[in-house]
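Q: Need a 3D model of the sequence below.
(2 chains)
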Amino acid sequence: MSWRSIITLVLLAGALISGWSVWNQRKKDVVPTGAIARSDYVLIDFELTALNPQGKESFTLRAPRLARDPQQRTMDIATPLFLIPPGAGAGSDAWEVRATNGWVSPEGDELKLRGNVRGVSSGLTGPATTLTSRELNVYPDARRASSPGRVEVTRPGSILSGRGLQLDLATKRYSFDSEVHHRYVPTAR
Amino acid sequence: KSSDRGQAMDIEAGATSGSLDDRQPTVLSNGVTISQGSLQIEANTATITTRGGEPVRAILTGGPVKLKQQLDDGTPMNATAGKVDYDLTTEVVIFTDKVNIQQPRGSLSGPRVVYNMKTGMVNSSADSSGRVKMTIQPKQGQAAPAPAPAKPAPKKGTN
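A: Next up is the predicted model:
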């Protein structure tokens, strides 16, 4: 057997093996993804008002699309706009919070906002405040927000940024646990 | 410099807490640096009170607090103290606890020094914990006064 035929045999075997593995792979991809990805309902261009256990408005949500996962009983939302009303306490502002994606927990007590998150306070009881980040978790009933990532808070004459935000939406008390930078720009005297 | 006050104030810190309105002071910790024009401050903690969103008072504590600033005549001023209370509206700074202020024209140390950034006036007071010590450097180029010339010996026979 000459070396030329040996090489031919080796190449033939290689072609057969790769063909078999491609065929094998193709079979796996076809497996149906199953019920997990299928929503039990989808809302298009809607407004939803969630009530807390006392029957009061917890938040109002407007978005072009919402899909509910029946297994997890959670909701995935495209470009959500959350309207969080002022809390019971005096000195509490209303907030508008937008993001690229939103996720709502089964009980509606936790909102996870991801991508271009932008929150604006109504400024009824103090300077209007704008909050921007890539990720923000909001707990409407507890009137609390937090973020593990970088957040920037802008008010007239001041820009505050840091990591690890904890914010009480009712009392407006906040804390950052690292990389704090605060810039005050004096207003014209 | 007197122009410092009109510039943006930048504060860096390891952690902070406060409120988004003026109801609570902002507390900064884990290493604080403040810069505003030529003014540079380093401290362990800072408590900043705001009014209308603007800082009006900063209380800094450190191990010690270090404060540097360039005066209007271009000369540097370096100060260290255990505590600094900076009133941003009157621009009066009260240094307490082992205060030491160094300037080319001299130095001042004591338990308590009040420094007016607008006028450059310095006022220090002693207390039971220590005395005030001031050193004033001679002006540049002014040689130390020459010793008085020796008196010529009196001539014989003259009265």
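Q: What helices and strands are in contact with the lowest-mean-pLDDT helix or strand in chain A?
A: The helix or strand of chain A with the lowest confidence, counting by mean pLDDT, DSSP states H and E, is helix A:3-29 at a mean of 76. For helix A:3-29, there is no helix or strand it packs on, judged by 3 or more CB pairs under 8 Å, 6 or more residues apart in numbering or on different chains; DSSP states H and E. Every C-beta, even on glycine, is put in place using the N, C-alpha and C of the backbone.
Q: Show me what secondary structure element comes after that helix.
A: strand A:41-51 (DSSP states H and E).
Q: If you count contacts, what does whatever helix or strand comes next after that next one end up packed against?
A: Next helix or strand after strand A:41-51 toward the C-terminus (DSSP H and E): strand A:57-69. Judged by 3+ CB pairs under 8 Å, 6+ apart, the packing partners of strand A:57-69 are strand A:41-51, strand A:74-78, strand A:81-84, strand A:101-104.
Q: can you rerun that using 7 Å?
A: If you count contacts as 3 or more CB pairs under 7 Å, 6 or more residues apart in numbering or on different chains; DSSP states H and E, strand A:57-69 packs onto strand A:41-51, strand A:74-78, strand A:81-84.
Q: Which one, of those strands, ends up nearest to chain B?
A: Set against chain B and scored by CB to the nearest CB, the helices and strands packed on strand A:57-69 come closest in strand A:81-84, at 14.6 Å.
Q: can you list contacts of the next helix-or-strand element following the closest one?
A: Toward the C-terminus, strand A:81-84 is succeeded by strand A:95-98 as the next helix or strand (DSSP H and E). For strand A:95-98, the external contacting residues (CB atoms under 7 Å, 6 or more residues apart in numbering or on different chains) are A:81, A:82, A:83, A:84, A:113, A:117, A:118, A:119, A:120, A:121, A:138, A:169.
Q: and the fifth one, helix, strand or coil?
A: Spelled out, that is residue A:113. Three-state call for residue A:113 (DSSP: H, G, I helix; E, B strand; the rest coil): strand.
Q: sorry, back to before: could I get the helices and strands packed on strand A:57-69 as CSV with mean neighbour count, mean pLDDT and distance to residue B:28?
A: Below are the helices and strands packed on strand A:57-69 laid out as CSV (neighbours: other CB atoms under 10 Å in any protein chain shown; pLDDT from 0 to 100; distance: least, CB to CB, whole Å):
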stretch, mean neighbour count, mean pLDDT, distance to residue B:28
strand A:41-51, 12, 92, 37
strand A:74-78, 19, 94, 37
strand A:81-84, 20, 90, 28
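Q: Reformat the ones you listed as JSON lines; add distance to residue A:178.
A: Shown next, in JSON lines, are the helices and strands packed on strand A:57-69 (distance: least, CB to CB, whole Å):
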{"stretch": "strand A:41-51", "distance to residue A:178": "33"}
{"stretch": "strand A:74-78", "distance to residue A:178": "30"}
{"stretch": "strand A:81-84", "distance to residue A:178": "26"}
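Q: And these: which comes nearest residue A:4?
A: Of all the helices and strands packed on strand A:57-69, strand A:74-78 sits nearest to residue A:4, with 60.4 Å by CB to CB.
Q: Packing partners of the closest one?
A: Counting by 3+ CB pairs under 7 Å, 6+ apart, strand A:74-78 packs on strand A:57-69, strand A:101-104.
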